[in-house]
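Novice: Predicted model and sequence below, questions to follow.
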Amino acid sequence: MLYMNIQYAGDAADLFKFDLVRHVMKNVPGLERFTFVPMLTEERVRTTKKKNPRRDPAGPGAVRSAGSTNLALMEQLGRLREIESDRDYFSGIESYFGQEEILVDILHRDTFSQENRANYFEKLLSQFPARSLILLDPDTGLEVKDPTERHLLYEEVKKIHYRMDDRSALMIYQHIPRTGREAYFRKRCEELTGTTGAQPLSVSDGRIVFFILAKGPALRRTLCSIIAEYSERYPGLVTGICG
């Protein structure tokens, strides 16, 4: 068993991520399953896991952070913060969504790297689901000038969006760099729109942002309403409609 880049398993980003997924799955009619594409990368150096208070879902300020009202998820993430392998991480995610009666598919459990990038997405597209919320979860987010295995390429987003049916939605994880956020969001939205022809929705806690795309206009309207409803639960969240 390879040890993977799971040092952030169960952190505040996971709390936001999986609570948002739960909210969408519970409130959007027609979505039949959650499809998780983890894009986990191999650790460069095997080290003892260290807890970062800023990433701790139960740390300072957690009472107002996205997902902090989801006690069942908080409990499960507490266990995930102690794991040592990717197998345990995937099992924990499946267990949580099973308890929520949400069907979850983890499509690709292999290591993600630059070398296997093409095969990774080829395999993903060969077993592509319908009526699904698809989460692409790169380490960092969308591609930069010199992308690494930590990034998702726009060409890959384009292929997945094209392959989606009108009743599916695509959700992309993005770490926010230390730059002007408004300009950064606008740039990413323009690039996603140019790549897919669809205008993304976004929801952010100031540290990470999720871009959400839907092909069907009816599904997009529903998602817009559902994301706005979710953001009302947590005052620190900011939502946007790109375009």
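Specialist: That came through fine. Quick caveat: nothing in here was measured; it's all calculated off a predicted structure. Numbers count the residues shown, from 1 in each chain.

Novice: buried ones in the helix-or-strand element of the chain with minimal mean pLDDT?
Specialist: Lowest by mean pLDDT, DSSP states H and E among the helices and strands of the chain is strand 238-241, with a mean of 84. Using 16 or more other C-beta atoms under 10 Å as the test for burial, strand 238-241 gives T239, G240. Glycine gets a C-beta too; all of them are placed from N, C-alpha and C.

Novice: Please enumerate the strands of the protein.
Specialist: 33-37, 104-106, 132-136, 141-142, 151-152, 169-175, 201-204, 208-214, 238-241 (DSSP state E).

Novice: Using CSV, write out the CA atom coordinates for the last one.
Specialist: Once non-C-alpha atoms are left out, strand 238-241 reads as follows in CSV (Å, rounded to 0.1, in the frame of the first residue of the first chain):
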residue,chain,number,x,y,z
VAL,A,238,-19.2,34.4,-0.2
THR,A,239,-21.1,33.1,-3.2
GLY,A,240,-21.0,34.4,-6.8
ILE,A,241,-22.4,33.9,-10.2
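
Novice: Could you give the separation of it from the chain centroid?
Specialist: How far strand 238-241 lies from its chain's middle: 16 Å, per C-alpha atoms, centre = their mean, to the nearest Å.

Novice: swap in the fourth one?
Specialist: When distances are taken as C-alpha atoms, centre = their mean, strand 141-142 is centred 11 Å away from the chain's centroid.

Novice: So what touches it?
Specialist: Applying C-beta atoms under 8 Å, 6 or more residues apart in numbering, the contact partners of strand 141-142 are H151, L152, Y154, V157, I172, Y173, Q174, H175, R188, E191, L192.

Novice: ok, back up a step: with distance to S65 added, can I get the strands of the chain in a markdown table?
Specialist: A markdown table is the format used below for these (distance: least, C-beta to C-beta, whole Å):
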| stretch | distance to S65 |
| --- | --- |
| strand 33-37 | 21 |
| strand 104-106 | 23 |
| strand 132-136 | 19 |
| strand 141-142 | 20 |
| strand 151-152 | 24 |
| strand 169-175 | 16 |
| strand 201-204 | 12 |
| strand 208-214 | 11 |
| strand 238-241 | 14 |
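
Novice: average pLDDT for stretch 182-200?
Specialist: The average pLDDT within stretch 182-200 is 93.

Novice: Perfect, I'm done here.
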